[in-house]
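S.K.: Quick one, structure for this:
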Amino acid sequence: GGGARATARPPRLSTYAGVGIVRGSDAAEEWAETQQKMGAVLSAFRSGPVDLAGAANANQAWAMAFVEELVRCGVTDFVVCPGSRSTPLAAAVVHTIRLPHNVGVVRAVSVHDERGAAFYALGTARATGRPAVVITSSGTAVANLYPAVVEAAADGVPLLLLTADRPYEARDAGANQSVDQVRAFGPHVRWHRDVPPPSDDVPVSAALS
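M.R.: Prediction:
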């Protein structure tokens, strides 16, 4: 689905480490030594809150990683419209806002009407100056976002849309709740990305890059 580019980004710290392998050394011993040396450094960093290895399926893993990345980049407000196809994203938002370090910082609200949800997010983004996220199901649910998207584009308000879509084989095939979401908003969006279906054979970084 289409969406405006998020610009808020917190400070970032990068660390680098190297290791040399000498002739005749044992790889397992070298690796153990490297882990021991890096242990003190790594212990200073908080463990990632998202355990993708524990996800029930690829849909859940991708959704959790995607939402966590948005929060890491500074997004704090999510407006969720109920829908079966967008359930993994909605569940990921609920999981994220319940993490101890996000309580009171990351907020989510459920709005049944997509048009109202989009304007709610627009008002939130206008007030905070940060991108607000709208999550919807596929089909005509996406079309209901159009008025708010046009207004956001005209006023330069950061708005990010996460729209669930039908799999590729259901597009242009007369399937229900299927419209051209990739080009739905025309010139009114600054950026859009048609994310491939989650798969165990595709790295989750494909959804984050």
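S.K.: Let me see the confidence value for the residue sitting furthest away from the middle of the chain.
M.R.: Centroid-distance maximum for the chain: residue 24 at 45.9 Å, with C-alpha atoms, centre = their mean. As predicted, residue 24 sits at a pLDDT of 76.
S.K.: CA atoms of stretch 116-127 as CSV?
M.R.: Coordinates of each C-alpha in stretch 116-127 appear next as CSV, following Å, rounded to 0.1, in the frame of the first residue of the first chain:
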residue,chain,number,x,y,z
GLY,A,116,-12.5,8.7,10.3
ALA,A,117,-9.3,6.8,11.2
ALA,A,118,-7.3,8.5,8.6
PHE,A,119,-8.4,12.0,9.7
TYR,A,120,-7.7,11.0,13.3
ALA,A,121,-4.2,10.0,12.3
LEU,A,122,-3.9,13.2,10.3
GLY,A,123,-4.8,15.3,13.3
THR,A,124,-2.4,13.4,15.5
ALA,A,125,0.5,13.9,13.1
ARG,A,126,-0.3,17.6,12.7
ALA,A,127,-0.3,18.0,16.5
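S.K.: So which bits of it are buried?
M.R.: By neighbour count on 16 or more other C-beta atoms under 10 Å, the buried set for stretch 116-127 is 117, 118, 119, 120, 121, 122, 124, 125, 126. (C-beta placed from N, C-alpha, C; glycine too.)
S.K.: Export the residues you listed to CSV and append columns for secondary structure, pLDDT and distance to residue 75.
M.R.: Shown next, in CSV, are the buried residues of stretch 116-127 (DSSP: H, G, I helix; E, B strand; the rest coil; pLDDT from 0 to 100; distance: C-beta to C-beta, whole Å):
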residue, secondary structure, pLDDT, distance to residue 75
117, helix, 96, 16
118, helix, 96, 16
119, helix, 97, 18
120, helix, 97, 15
121, helix, 97, 11
122, helix, 97, 15
124, helix, 96, 11
125, helix, 96, 10
126, helix, 95, 15
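S.K.: and these as CSV, adding distance to residue 195?
M.R.: Shown next, in CSV, are those (distance: C-beta to C-beta, whole Å):
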residue, distance to residue 195
117, 20
118, 20
119, 25
120, 24
121, 20
122, 23
124, 24
125, 22
126, 27
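S.K.: Can you tell me which of the residues you listed lies closest to residue 59?
M.R.: residue 117 (21.9 Å; C-beta to C-beta).
S.K.: Do I have it right that that closest one meets residue 133?
M.R.: No. Judged on C-beta atoms under 8 Å, residue 117 makes no contact with residue 133 at a distance of 10.3 Å.
S.K.: who touches both of the two?
M.R.: Applying C-beta atoms under 8 Å, 6 or more residues apart in numbering, one finds that residue 117 and residue 133 are jointly contacted by residue 79.
S.K.: who touches the residue most central in space within the chain in this structure?
M.R.: Closest to where the C-alpha atoms of the chain average out (C-alpha atoms, centre = their mean) is residue 66, at 2.9 Å. For residue 66, the contacting residues are 89, 92, 162, 207, 208, by C-beta under 8 Å, 6+ apart.
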